[in-house]
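[1] Quick one: sequence plus predicted model below, questions after.
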Amino acid sequence: AQKVTQAQTEISVVEKEDVTLDCVYETRDTTYYLFWYKQPPSGELVFLIRRNSFDEQNEISGRYSWNFQKSTSSFNFTITASQVVDSAVYFCALSEAVKGGSEKLVFGKGTKLTVNP
Amino acid sequence: DAGVIQSPRHEVTEMGQEVTLRCKPISGHDYLFWYRQTMMRGLELLIYFNNNVPIDDSGMPEDRFSAKMPNASFSTLKIQPSEPRDSAVYFCASSPDRANQPQHFGDGTRLSIL
């Protein structure tokens, strides 16, 4: 069965620090997708990134960057120069093949990030 | 463009009552998902639909839970009878033609069963 582990339950940093959120996954599928979602205190889930298993190129979007390494089954997320508005719970997720020929998302338990001023 | 719309945002009801949660997916999205979020179990997929047809309901906890999608723009998740352990945030999400496309989530319904 698919599994996503986010070992860091909570992280607290001071504004402007860099922070990396870890995500380790398990799957027997050769084709799969990895995702990161953000859940701010207001509660909604915001999609951040989707990466397929054949694309190991790192991605950067502003202050956000993602490091995908198949060799270690990891898909880590780094926020550079963190800001108070980055405070949220961040979820890593893995697509899992299910009956009907489609996929569903398996989520990690999330990492709560607090950025203090 | 309107996102996924869920109603109500908050629901407080007494044990034994019927609860109906509603969802309007993004227009043109073929997939609709219902998730439940609790502190203990995190985010769990309950059921998902493709083109209004339920595909996988293996996550539905028990027979007290049922979901329908009568048309492409509306889905309901019903709990009857409700129990205190059903208290959670319920999210609806939709995605375009394949389920591994990004899922767009609604704001959730916070359900409290007293």
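    Thanks, I have the structure now.

[2] Would you check how far apart B:Gly108 and B:Met69 are?
    Between B:Gly108 and B:Met69 the computed distance is 18 Å (Cβ to Cβ, to the nearest Å). Just so you know, the C-beta spots here come from the backbone N, C-alpha and C atoms, and that holds for glycine as well.

[3] And the most centrally placed residue in chain B, how close does it get to B:Leu46?
    Nearest to the mean C-alpha position of chain B, counting by Cα atoms, centre = their mean, stands B:Trp34 at 3.2 Å. For B:Trp34, the distance to B:Leu46 under the criterion Cβ to Cβ works out to 4 Å.

[4] hey, what's in contact with both of the two?
    When contacts are counted by Cβ atoms under 8 Å, 6 or more residues apart in numbering or on different chains, the set common to B:Trp34 and B:Leu46 consists of B:67, B:77.

[5] show me where pLDDT drops low in chain A?
    Regions of chain A meeting the criterion pLDDT under 70 cover residues A:97-103.

[6] Mind naming the longest strand for it?
    Taking DSSP state E as the criterion, chain A has its longest strand at strand A:88-97.

[7] Going by contacts, tell me the helices and strands next to that one.
    Using 3 or more Cβ pairs under 8 Å, 6 or more residues apart in numbering or on different chains; DSSP states H and E as the contact criterion, the secondary-structure elements in contact with strand A:88-97 are strand A:3-5, strand A:33-39, strand A:74-79, strand A:103-107, strand A:111-116.

[8] Enumerate residues external to the shortest one that contact any of its residues.
    By Cβ under 8 Å, 6+ apart, the list of residues contacting strand A:3-5 from outside reads A:23-27, A:92-94, A:106-108.

[9] do the same with the third one
    Identification of contacts with strand A:74-79 by Cβ under 8 Å, 6+ apart yields A:18-25, A:34, A:36, A:48, A:51, A:63-69, A:86, A:90, A:92, A:113.

[10] between B:Gly108 and B:Met69, which one's more packed in?
    Just comparing B:Gly108 and B:Met69: by other Cβ atoms under 10 Å in any protein chain shown the higher neighbour count belongs to B:Gly108, 24 against 21.

[11] which ones are touching that one?
    Applying Cβ under 8 Å, 6+ apart, the residues near B:Gly108 are A:43-45, B:6, B:9, B:37, B:89-91.
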